[in-house]
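Trainee: Just to be clear, the model below is a prediction. Sequence and coordinates:
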Amino acid sequence: MTNMVDVEEQMAGEDSFAAMFEESLKGDEIKEGEIVRGTVIQIAKDFAIVDIGYKSEGQISLDEFRQADGSIAVKPGDTVDVLLEDRENENGMCVLSKEKADRFKVWDEISAACERDELIEGTITTRVKGGLNVTIRGGVKAFLPGSQVDLRPVRNLDKLIGEKFNFK
């Protein structure tokens, strides 16, 4: 009788191990180059540790969370969208980037606005050879040829620096 119970417990243990193994494989659905949602679990001196539901956490430099005033805009428990650059580095941690995820999302918004033939607001930031640099959504830099500034040639492009306009 004792022998029969041991076999049943062993079978149950194998079933639970198989279920755990199957569950661990689900994490492989996350692919490198994808934007995934993660939870900040700890803030260290120079980096934040983010759990994306994979077998290991990832580190993101606190510089990627730094605001214009120098403060850090994240705390444990916050949910953030990050780009999975690499599943594992030499330390066994995921390589993640919040800045790259933000850039991809902004670029998708800009592409969608272009497809819908919408105008995008931008600020002229500098004059460069042949035209102007314009900063649009999310800090994306764009080039505005001097010939496209107005219907007639503009003699002094410098007077436009700092101005906001709608662009197509």
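Mentor: Received the coordinates, thanks. Since the model is a prediction, treat every value here as computed from it, not as a measurement. Residues are numbered from 1 along each chain as shown.
Trainee: so where's the protein uncertain?
Mentor: By pLDDT under 70, the weakly predicted segments of the chain are 1-15, 18-29.
Trainee: Go ahead and flag the most central residue of it.
Mentor: residue 101 (1.5 Å; Cα atoms, centre = their mean).
Trainee: Contacts for the helix or strand where that one lies, please.
Mentor: Taking DSSP states H and E as the criterion, residue 101 maps to helix 98-115. Here helix 98-115 makes contact (Cβ atoms under 8 Å, 6 or more residues apart in numbering) with 35, 60, 64-65, 80-83, 85, 119-120, 136-140. All C-beta spots, glycine's among them, are computed from the backbone N, C-alpha and C.
Trainee: Please, where are all the helices along this structure?
Mentor: For the chain, helices defined by DSSP state H occupy the ranges 2-26, 98-115.
Trainee: just to revisit the earlier point, in the helix holding residue 101, which residues are buried?
Mentor: 98, 100-102, 104, 110 (16 or more other Cβ atoms under 10 Å).
Trainee: same thing with stretch 65-75?
Mentor: Those would be 65, 74, for stretch 65-75 by 16+ other Cβ under 10 Å.
Trainee: mind saving the C-alpha coords of that stretch as CSV?
Mentor: Extracted in CSV, the C-alpha atoms of stretch 65-75 (Å, rounded to 0.1, in the frame of the first residue of the first chain):
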residue,chain,number,x,y,z
PHE,A,65,13.6,58.3,-16.3
ARG,A,66,15.1,61.7,-15.5
GLN,A,67,13.0,64.7,-16.1
ALA,A,68,14.1,68.2,-17.3
ASP,A,69,14.5,69.3,-13.6
GLY,A,70,16.7,66.4,-12.8
SER,A,71,14.2,64.4,-10.7
ILE,A,72,13.4,60.7,-11.3
ALA,A,73,9.9,60.1,-12.7
VAL,A,74,9.5,56.5,-11.5
LYS,A,75,9.0,54.6,-8.3
